[in-house]
Each structure stands twice: as structure tokens, then as C-alpha cells.
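Enquirer: this one's sequence-less:
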């Protein structure tokens with residue numbers, strides 16, 4: 001969630017950085033599910049990007065949402081850049097190209113995730129439709145070039161936009177042209193965190209294949225099923241990837257702190273302004289050696305903001321964030337939290353998932369991750385297709401959700417939210433392959449129909 005934290009206590013010791021993570025430990029009875037999803041706004045007429053300014057722009061959309069919801073506006077230099085629900089904890093924020101993100105409130109079960117989503121989409125539609133704005137559920141904008149996409153008025157994005165081309169070829173595409181759905185899940189101890197982190201990093205390619213949904217760039221097939229996932233392979237490898245050291249002995253909160261200290265920073269926020277410190281390490285700042293802020297030491301807010309600029313396949317904050325999935329149409333969104341809750345919040349399924357991946361080597365995990373954007377279910381690890389592993393994971397998730405037995409008003413447990421994934425596995429093809437078939441068949445070589453068929 002892109003809301004910068006405010007806590008200006010200067011940090012004295014590394015122990016405080018470790019304690020920041022430890023504060024996330026919760027008893028299983030307090031475990032919650034957070035789901036974040038991004039969607040690309042487009043003009044209903046002409047299917048163009050939506051600018052921030054103007055009577056039919058993103059700013060006007062946020063102002064309308066604020067009036068409708070009564071949420072607190074998040075302001076930056078006089079511009080509304082997001083909304084925050086003080087009572088429930090949800091938020092709406094903007095990604096760099098105007099992608100509209102709902103960071104859901106922490107809820108107890110996947111049924112509530114679905115209810116929250118349906119309410120959000122109804123609210124957004126009520127404000128957006130009269131403004132002539134629609135939203136697309138794909139992992140990447142299918143038809144626009146980089147230069148067409150507007151920049152949202154957020155200081156951190158200017159700094160990142162300048163820095164990205166120095167460290168990878170696709171950082172600008174990641175910022176301006178991609179959308180994801182993420183699930184945030186809790187841990188009950190340091191050991192529980194490590195186990196869940198290992199299982200979810202190893203199995204992130206399964207989610208990437210199940211949700212692969214970005215086969216088009218600028219109106220043409222790009223040769224990938226999840227180009228969004230491919231983009232992350234060449235965005236900034238100092239802050240992304242499969243984190244092989246997580247699987248080594250001695251992994252824990254301290255090890256993550258040491259990793260994060262050396263990840264290059266983007267910015268330091270002071271008051272309303274963002275100071276560009278791109279490329280310098282948090283470790284140097286922590287030791288009072290940052291050239292832009294000589295002698296100054298970071299605060300807990302600086303630490304928390306820095307941690308939100310690390311982008312591995314699974315990210316540790318005070319919860320674990322699953323980052324491998326493309327954005328998808330609304331009917332499939334609750335399937336992502338359902339998938340991971342079934343695997344990680346049921347101990348039997350978690351043990352079985354660990355048995356599935358524990359003998360994979362770092363090189364094998366990396367190769368699978370490298371292959372999945374192009375090959376989807378046909379990627380292999382050892383002598384197995386990812387398709388078989390996905391089937392096994394879905395079965396474990398299904399069993400885990402049945403054992404959790406959180407039922408909705410009509411007595412159905414959370415496993416019903418896996419139905420879209422079951423249909424995908426029955427067809428044997430990723431969503432992207434289905435879309436490519438349409439492109440080559442009924443769509444007649446045009447991506448324009450996505451703006452009807454894959455809109456929210």
C-alpha cells in the first residue's frame with residue numbers, strides 16, 4: 001500500500017529495525033487477509049489513457065470517490081493522490097500511470113474479500129462511468145506506448161522514473177504499464193514467517209502461470225504469456241527476484257534487515273517533499289553517511305518507506321506480500337487470496353507444500369521463475385511440468401480452505417473462490433493463451449475487444 005508512514009523517531013540501533021518486523025507477529029486467531037488490486041483506467045470513448053487533470057481526469061475521479069465514500073483524502077502538494085478509510089483500514093492509491101489501486105482492509109475470510117471488492121467496484125463505477133472512464137483487468141496495458149501514458153503527480157514517482165533506466169530495461173514499463181493483484185498474509189512467529197516465505201517464493205511461479213494475463217504490447221502479441229512477470233526480470237535486480245538466501249540456514253528477520261540495508265534507496269520524505277537519494281544504501285544513511293542528508297539518521301518512517309520500495313517475488317513487511325500475479329478481471333480476483341490462504345493458513349497444507357518444494361535447488365527455482373513468463377504451465381522443474389505442480393497446489397489449497405471451514409451465508413466454504421482456477425486447469429491453458437486464441441480468431445488480430453471483454 002502506497003501510503004507513506006509517519007513516525008519521526010530517529011533510529012539508534014539495528015535491533016530497532018528487526019523489532020519493526022517482529023511487531024508483525026500475531027496469534028493465528030488474529031490472522032487477516034489483505035488483498036490489493038490495480039486496474040488500468042481508460043476512456044470509454046477511444047480507449048485512451050486517462051490524464052490526472054481535467055473535469056474527466058483521475059483527480060476528478062478521486063474527488064468523486066471521496067464525496068461518495070467519506071474517506072480521508074491523501075494529498076500531495078495540493079493534489080488528491082489517494083483516499084484512506086480511517087475506520088476500516090482500506091485505501092485507494094494511484095500507481096505511476098494512473099493505475100487505480102484498492103488496498104483492501106484486513107479481513108477474516110475470502111468471502112469478505114469478495115464483498116469488499118464488489119462494493120468497491122460498484123462505487124468506482126458510479127463515479128467513473130459519468131466521467132467516461134472504464135477499467136481494464138489485464139496484467140499490462142495492451143495497446144499504449146510508454147510515451148502515451150500520463151504521469152501522476154506523486155514526488156516519489158518522478159525520482160523512480162529518473163532512476164529506473166539506470167538499473168534495468170523495463171522499470172518504466174513496470175511503473176506505467178503493468179497491473180497486479182497481491183495478497184498479504186500474517187505469520188505467528190519468526191519460524192512461521194520463514195516457512196511461509198520459503199513456500200510462497202518457491203511456488204510464486206504457479207500463481208504467475210494461473211494468472212498469466214499480459215500477452216500484448218502496443219497492440220501485438222509480445223511472445224509472452226505474462227509479460228508483466230518478464231518485466232520484473234529486468235526492472236532492478238538489486239531489489240527484486242527469488243531471494244535464494246531465504247532458503248539458507250539462519251534465515252530470519254535479521255537476515256531480511258541485512259538485505260534491506262543494502263538495497264539502494266529511492267527517496268527520503270521530509271514534510272511534503274521527496275529528497276532524491278536514488279542509488280545510495282539505507283546502510284549508509286543509517287550510519288549518518290548520506291550525502292544528501294549529511295549527519296542525519298533515518299527514522300522508523302524512513303525505514304518503513306524504504307521497505308515498500310523492495311520488490312521481490314514475495315515481500316516481507318509486517319506481513320508477507322504475494323507479488324507474482326498479473327491483474328485479472330474482477331471475477332477472478334478473489335481466487336488469488338483463496339489460493340494462498342488455503343496453502344499458507346492451514347498447517348497440513350503448508351507442510352505438504354513445503355514437502356513439494358523443499359528439495360528444489362536455488363538454480364532450479366530460478367530457472368522455473370525465468371521460464372514461466374514465456375511458457376506458463378509448460379515450464380518445467382526437475383522432470384515435472386508446472387501444470388502438474390499447479391494441480392497439486394490447487395488441491396492442497398482446496399483442502400486447506402475446506403479444513404478452515406469459514407462459510408458464507410449460504411453455507412459454502414472459501415474453496416468456492418478457487419472455481420475460476422479449477423476451470424483454467426481443466427482447460428490446460430493459461431488465461432493469456434485463451435486471449436491469444438481470441439486475438440488470432442474472433443478478434444481478427446485486434447486487441448480492441450479487450451476493452452469490452454476484460455473491463456471491470
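Expert: Okay, I see it. All values reported here derive from a predicted model rather than from experimental measurement.
Enquirer: Just the buried positions in stretch 84-96, please.
Expert: Within stretch 84-96, the residues scored as buried using 16 or more other CB atoms under 10 Å are 84, 85, 90, 91, 92, 93, 94, 95, 96. Where you see a C-beta, it was placed from the backbone N, CA and C, and this is true even at glycine.
Enquirer: just stretch 270-282 next, same as before
Expert: 274, 276, 277, 278, 280, 281, 282.
Enquirer: From the residues you listed, pick the one nearest residue 12.
Expert: residue 282 (14.9 Å; CB to CB).
Enquirer: Quick one: mean pLDDT over the longest helix along the chain.
Expert: When the chain is parsed with DSSP state H, its longest helix is helix 190-210. Averaged across helix 190-210, the pLDDT comes to 98.
Enquirer: where do the strands sit along the stretch 351-456 of the chain?
Expert: According to DSSP state E, counting those that start in this stretch, the stretch 351-456 of the chain carries its strands in the segments 380-381, 384-385.
Enquirer: ditto for the stretch 151-300 of the chain
Expert: 180-185, 216-217, 220-221, 240-241, 267-270, 273-276.
Enquirer: Now tabulate these in a markdown table and tack on distance to residue 198 and mean pLDDT.
Expert: Below are the strands of the stretch 151-300 of the chain laid out as a markdown table (distance: least, CB to CB, whole Å; pLDDT from 0 to 100):
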| stretch | distance to residue 198 | mean pLDDT |
| --- | --- | --- |
| strand 180-185 | 14 | 98 |
| strand 216-217 | 33 | 98 |
| strand 220-221 | 35 | 98 |
| strand 240-241 | 15 | 98 |
| strand 267-270 | 31 | 94 |
| strand 273-276 | 35 | 95 |
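Enquirer: Of all the ones you listed, which one is nearest residue 368?
Expert: strand 240-241 (12.9 Å).
Enquirer: quick one: low-confidence parts of the stretch 1-150 of the chain?
Expert: Residue ranges of the stretch 1-150 of the chain with pLDDT under 70: 1-7.
Enquirer: quick one on the thing from earlier: between the buried residues of stretch 84-96, which sits nearest residue 68?
Expert: residue 92 (11.2 Å).
Enquirer: Name the nearest residue to that closest one, sequence neighbours excluded.
Expert: residue 83 (4.4 Å; CB to CB, 6 or more residues apart in numbering).
Enquirer: a helix runs through the one you found, doesn't it?
Expert: No - Residue 83: not assigned to a helix; according to DSSP: H, G, I helix; E, B strand; the rest coil it is strand.
Enquirer: State the number of residues packed around it.
Expert: Per other CB atoms under 10 Å, the neighbour tally for residue 83 reads 22.
Enquirer: circling back: and the buried residues of stretch 270-282, which is closest to residue 302?
Expert: Among the buried residues of stretch 270-282, and counting by CB to CB, the member closest to residue 302 is residue 282, at 7.9 Å.
Enquirer: Quick check, the closest one in contact with residue 297.
Expert: No - here residue 282 lies out of contact with residue 297, judged by CB atoms under 8 Å, at a distance of 11.1 Å.
Enquirer: Just the pLDDT for the residue lying closest to residue 356 once chain neighbours are set aside.
Expert: Distances taken as CB to CB, 6+ apart put residue 392 closest to residue 356, at 6.4 Å, once the chain neighbours are dropped. Each residue has a pLDDT score; the one for residue 392 is 98.
Enquirer: Determine the longest strand present in the protein.
Expert: strand 33-43 (DSSP state E).
Enquirer: Remind me what that strand packs against, helices and strands.
Expert: Judged by 3 or more CB pairs under 8 Å, 6 or more residues apart in numbering; DSSP states H and E, the packing partners of strand 33-43 are strand 100-103, helix 110-128, strand 133-136, strand 180-185, helix 335-344.
Enquirer: let's go with 6 Å and repeat that
Expert: strand 100-103, strand 133-136, strand 180-185, helix 335-344 (3 or more CB pairs under 6 Å, 6 or more residues apart in numbering; DSSP states H and E).
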